[in-house]
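J.: A predicted structure for the sequence below; I have some questions about it.
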Amino acid sequence: MSVKRVDVIGVPMDLGADRRGVDMGPSAVRYAGLNAAIERLGITTVDRGNIPVRVAESASPEEASAKYLPIIAEACGLLADMVAEVVRAGNFPLVLGGDHSIAMGTLAGVTRARDRGPGVIWVDAHGDINTPITSPSGNVHGMPVHFALEAHSVLPERIVFIGLRDVDEGEKRAIRDLGVKAFTMSDIDRVGMAGVIAEALAITCDGPGSLHVSFDMDGIDPTEAPGVGTPVRGGLSYREAHLLMEAIAASGALGSLEITEINPILDNQNQTAILAVELVLSALGKTTL
């Protein structure tokens, strides 16, 4: 699938997490030169600006088991509308977070536009499949996979986790019970990244535009991506992350992409946002030769 036009959508959301700052992620990625870099690949880039998100100070958490969920759902509804519009027009949505709760909106929009849920590669240190009952924190950025499954925006047999290394007990049970394919960092160590990628693509791809990639930057080791809200040691290396995105581009199946959880407050000279731009370019087809 050759991408002709990328529509960039920012979602300055930090309500899904305890630690503030990821709402500045979209600005950090744009500041790192995203739009100009995509244009240099010969791809038209249209920046749609940011989805409006109410700030935490303007609202009550509502429910301790799923903090700020009504407000998060409101923003995700607006995001879903815009993503659906982009996909129906034949263009490629690139969504910039914001915490990972935004994935509920992206997946809903893609599913609505295509009349079926996409295959999903979910790159993350965490499972993000907690429910309001199983979540130890009540933070919704740990629940988007659960809510997406509940809304039928993705099927359990068409989602693959890559890079897991910090998974709650309730999430372990859900992954096992649902039969979701999950590659931990230990699996990557044993099988090798190339083997993991081949299996993940076989599960998630069934034609052009059939794949959505939801990339939490904490999936990468914090030595390479320090500016994330919930860093966990022992993540993907720089080259493993690029190999994944290069293989996804080569598959021809990528139809949408989101990058989440960049926290400029915790970053080192915008290092994490710069890496995010590099990974986006790899996913869109940039190669060494």
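T.: Yep, it's here.
J.: next, the residue nearest the centre of the chain: secondary structure please.
T.: Centroid-nearest residue in the chain, with CA atoms, centre = their mean: S214, separated by 2.5 Å. Under DSSP: H, G, I helix; E, B strand; the rest coil, the three-state class of S214 is strand.
J.: got the contact list for it?
T.: By CB atoms under 8 Å, 6 or more residues apart in numbering, the contact list for S214 reads 100, 103, 106-107, 120-124, 258, 260. In this view, the C-beta of every residue, glycine as well, is placed from N, C-alpha and C.
J.: buried sites along stretch 65-75?
T.: Along stretch 65-75, these residues count as buried under the neighbour rule (16 or more other CB atoms under 10 Å): 65-69, 71-75.
J.: in helices only, show me the residues you listed.
T.: 69, 71-75 (DSSP state H).
J.: mind listing which of the contacts of S214 are in helices?
T.: Here DSSP H is the test, and the contacts of S214 give 103, 106-107 as lying in helices.
J.: that older thread, among the buried residues of stretch 65-75, which one lies nearest to M193?
T.: Nearest to M193 out of those is I72 (CB to CB; 32.6 Å).
J.: separation between that closest one and V11?
T.: 10 Å (CB to CB, to the nearest Å).
J.: got the contact list for the closest residue to I265 other than its chain neighbours?
T.: Distances taken as CB to CB, 6 or more residues apart in numbering place G21 nearest to I265, at 3.9 Å, with adjacent residues excluded. Counting by CB under 8 Å, 6+ apart, G21 touches 14, 229, 263-266.
J.: hmm, try it at 10 Å
T.: G21 is in contact with 14, 28, 99, 227-229, 261-267, counting by CB atoms under 10 Å, 6 or more residues apart in numbering.
J.: same thing with F92?
T.: With CB under 10 Å, 6+ apart, F92 has these contacts: 1, 3-8, 38, 43-45, 86, 209, 254-257, 283-284.
J.: again, 8 Å this time
T.: F92 makes contact with 3, 5-7, 86, 255-257, 284, according to CB under 8 Å, 6+ apart.
J.: can you add neighbour count, secondary structure and pLDDT and give the residues you listed back as TSV?
T.: As requested, the contacts of F92 are exported to TSV (neighbours: other CB atoms under 10 Å; DSSP: H, G, I helix; E, B strand; the rest coil; pLDDT from 0 to 100):
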residue	neighbour count	secondary structure	pLDDT
V3	21	coil	94
R5	14	strand	98
V6	23	strand	98
D7	21	strand	98
V86	25	helix	98
G255	22	strand	98
S256	26	strand	98
L257	25	strand	98
L284	21	coil	98
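J.: and the ones in helices among the buried residues of stretch 65-75, which is closest to N50?
T.: Nearest to N50 among those, counting by CB to CB, is A75 at 10.0 Å.
J.: how close does the closest one sit to S237?
T.: Computed as CB to CB, the A75 to S237 distance reads 33 Å.
J.: the stretch 51-200 of the chain: helices as residue ranges?
T.: Using DSSP state H, counting those that start in this stretch, the helices of the stretch 51-200 of the chain run over 69-88, 103-114, 144-150, 169-178, 185-191, 193-204.
J.: picking up where we left off before, which strand residues bridge the residue nearest to the centre of the chain?
T.: W122, E258 (DSSP bridges).
J.: now the residue nearest to I265: phi and psi?
T.: phi 130, psi -20 (degrees, to the nearest 10).
J.: separation between the residue nearest to the centre of the chain and S65?
T.: From S214 to S65 the distance is 23 Å (CB to CB).
J.: count of neighbours near V154?
T.: Neighbours of V154 under the rule other CB atoms under 10 Å: 26.
J.: please name the nearest non-neighbouring residue to it.
T.: Distances taken as CB to CB, 6+ apart place G117 nearest to V154, at 4.5 Å, with adjacent residues excluded.
J.: got a list of what the one you found touches?
T.: 107, 110-111, 152-155, 158.
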